[in-house]
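A.B. asks: Here is a sequence with its predicted model. Questions after.
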Amino acid sequence: MKAEKEKLPLDQIVLGNCKSLLSNLPDECVDLIVSSPPYNLGKEYEAKQALNKYLEEQTFILQECSRILKKTGSLFWQVGAFADKGTIIPLDIRFFPILESCGLIPRNRIIWARQHGLHAQKKFSCRHETILWFTKTDDYIFNLDAIRVPQKYQNKKHYRGERKGELSCNPDGKNPGDIWLFRNVKHNHEEQTIHPCQFPEDLVARIVLATTLKDDLVFDPYMGTGTVAIVAKDYGRHFMGTEIDPAYHEVALRRLSGEPDENGCFPNLKTLRDYVERTSQPVEKFKFDVQVGEKPSERSKAKIYPEEYHLQEMQERLLYEETAFAAILRNEDIPIDPQLNGNGKKSSSKNISVQMEIKF
Ligand SMILES: C[S@@+](CC[C@H](N)C(=O)[O-])C[C@H]1O[C@@H](n2cnc3c(N)ncnc32)[C@H](O)[C@@H]1O
């Protein structure tokens, strides 16, 4: 079946099961698929059986996704780990062969790292999820120039050879690499809605800009609150997808409309701030679904940290933790964390070892 754009539910999020929409979509009709599938595996089965059944269903969805993807298209599947009674199964390990069996070609396994999260007691705390990128063929789109980030050493020059004195790095910036640190959408994030696991818009923007062109079609079978649709629209791409939960579907539509509801309420702080900036209305006239304080704060008063800030902060923190660990091993003085705010006291490795002994 050849794709005809006018017959597709273009720029719509259909309320319902993605299986129904997928089975009605023609072959090779979308340019990009970005999604984070649900992996709440339910309680009705013993965990392993539930996981197998879940993967069976996902295999069907991914076969359909592969079928509707254009030859130049890409698929990004974002997953974490399935945890059960202290054991974990990183889901990308299970998804990788499924995607290969769909005839798709692996391009990247992106680590989406986080600085914060639950503290495990009997294993290392989990601080990353993954995004698998597969393409349909070798003839795929990758717009590196659209997603470059600043070089670490912007003015570094060749110091010998024919190009001596010339810049040794691209002044337009570097490839962002496969470790991403977009802040997780939780409290204090202006994009937070009632949904527990939203994509950050900037993460989706990197994918959309890298792998699509203007007017291309981006599909998400599990839209949640519509982040993929919002980003596609913001960057002049079309979107299409499904969401099964009416409450999340409604939030997605409200995000897309950008207008307040009859009570002057927005689905999140970002949509509210965009609206007041667009219409020059006072911020205190409105509220948003997950508001905690008396009134929403203006964007101009909010601190905004780009992804690079978080990456550098994490790099410094991990380096500090490893230096401190080395000091503990050698019974040396533990250096003070350079990022420490307030009255940090220099502790000796002995003190820390004592604290650690007590904790263990
Ligand atoms: C991990 S969330 C996606 C969140 C989304 N990326 C966002 O930014 O809001 C997965 C979503 O898939 C929805 N879902 C689960 N099963 C579905 C199905 N069979 N068809 C369509 N949506 C489904 C869930 O209700 C949930 O909102």
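C.D. replies: Yep, it's here.
A.B. asks: Need the three-state assignment for F76.
C.D. replies: Taking DSSP: H, G, I helix; E, B strand; the rest coil as the rule, one finds F76 in the strand state.
A.B. asks: need the contact list for it.
C.D. replies: By C-beta atoms under 8 Å, 6 or more residues apart in numbering, the residues touching F76 are 32-35, 131-133, 207, 211. Every C-beta, even on glycine, is put in place using the N, C-alpha and C of the backbone.
A.B. asks: Show me what it is bridged to.
C.D. replies: Listed by DSSP bridges, the beta-bridge partners for F76 are V34, W133.
A.B. asks: which residues in the stretch 51-200 of the chain form strands?
C.D. replies: Here the stretch 51-200 of the chain has its strands, by DSSP state E, counting those that start in this stretch, at 69-79, 81-84, 87-90, 105-113, 128-135, 179-180.
A.B. asks: Going by mean pLDDT, which of the ones you listed comes out lowest?
C.D. replies: Of all the strands of the stretch 51-200 of the chain, the minimum mean pLDDT falls on strand 81-84 (a mean of 87).
A.B. asks: Does it reach the ligand?
C.D. replies: No: contact of strand 81-84 with the ligand (C-beta under 6 Å from any ligand atom) is absent, the minimum separation being 13.4 Å.
A.B. asks: Which strand or helix spans the closest residue to the ligand within the stretch 151-300 of the chain?
C.D. replies: Ranked by C-beta to the nearest ligand atom, the top residue of the stretch 151-300 of the chain for proximity to the ligand is G224, at 2.5 Å. Assessed by DSSP states H and E, G224 sits outside every helix and strand.
A.B. asks: Isn't it up against C197?
C.D. replies: Yes: using C-beta atoms under 8 Å, G224 is in contact with C197, at 7.4 Å.
A.B. asks: neighbour-wise, which of the two wins?
C.D. replies: A direct count of neighbours by other C-beta atoms under 10 Å for G224 and C197 places G224 higher, at 26 against 16.
A.B. asks: Quick check: chain neighbours aside, which residue is closest to A113?
C.D. replies: Once flanking residues are discounted, A113 sits nearest to H128: 4.7 Å by C-beta to C-beta, 6 or more residues apart in numbering.
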